[in-house]
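Trainee: Next input, structure requested:
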Amino acid sequence: MLFFIISHGNYLLMFIAEYGLEGLVSTKCDVYSFGIMMMEVFTRTNPNDERFGEKMSLKSWVNDCVPNGITHILDANLLRANDGEYFIEKLDCISSMMKVALNCTVESARERTSIEDV
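Mentor: Modelled structure (predicted):
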């Protein structure tokens, strides 16, 4: 997915390339944004983080770590070793939510999950 980032005053505006390249504005674009927002919330990482560049993005970072390395990318406040008997259940739940986020961010809008299924 290609993004356009435009500086406007104190704001950085991010546009999905679908808007410009295909001239399409649909709920599928909203689904993509929702998926990225979920990744931001659960990793506590901004898509514009300095670790990301041309070869890596928030989406590719999450994709590379789900499901087996998810503990390495999660916000440390969400999952703690002292969660005891609920650690595995919480990990499974968060992993499922990250899979939903990845399904929301499929490159092709036609193949992306619908908002009703989210």
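Trainee: Please enumerate the helices of the chain.
Mentor: 17-21, 27-43, 58-65, 87-104 (DSSP state H).
Trainee: Let me have those helices in a markdown table, extended by distance to Phe52 and mean neighbour count.
Mentor: Where you see a C-beta, it was placed from the backbone N, CA and C, and this is true even at glycine. Below are those laid out as a markdown table (distance: least, Cβ to Cβ, whole Å; neighbours: other Cβ atoms under 10 Å):
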| stretch | distance to Phe52 | mean neighbour count |
| --- | --- | --- |
| helix 17-21 | 17 | 13 |
| helix 27-43 | 12 | 18 |
| helix 58-65 | 6 | 18 |
| helix 87-104 | 16 | 16 |
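Trainee: Make sure Thr43 is actually in contact with Phe52.
Mentor: No: with contacts defined as Cβ atoms under 8 Å, Thr43 does not count as touching Phe52, sitting 11.5 Å away.
Trainee: so what sits against both of those two?
Mentor: Taking Cβ atoms under 8 Å, 6 or more residues apart in numbering as the criterion, Thr43 and Phe52 both touch 58, 61.
Trainee: With distance to Ala76 as added columns, please give the helices of the chain in CSV.
Mentor: Shown next, in CSV, are these (distance: least, Cβ to Cβ, whole Å):
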stretch, distance to Ala76
helix 17-21, 33
helix 27-43, 10
helix 58-65, 14
helix 87-104, 12
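Trainee: Asn77: which of those is closest?
Mentor: helix 27-43 (10.5 Å; Cβ to Cβ).
Trainee: tilt between the closest one and helix 87-104?
Mentor: Helix 27-43 and helix 87-104 are oriented at 150 degrees to each other (axes from the mean of the first three to the mean of the last three Cα atoms, to 10 degrees).
Trainee: how much distance is there from helix 27-43 to the middle of the chain?
Mentor: Between the centre of helix 27-43 and the centre of its chain there are 5 Å (Cα atoms, centre = their mean, to the nearest Å).
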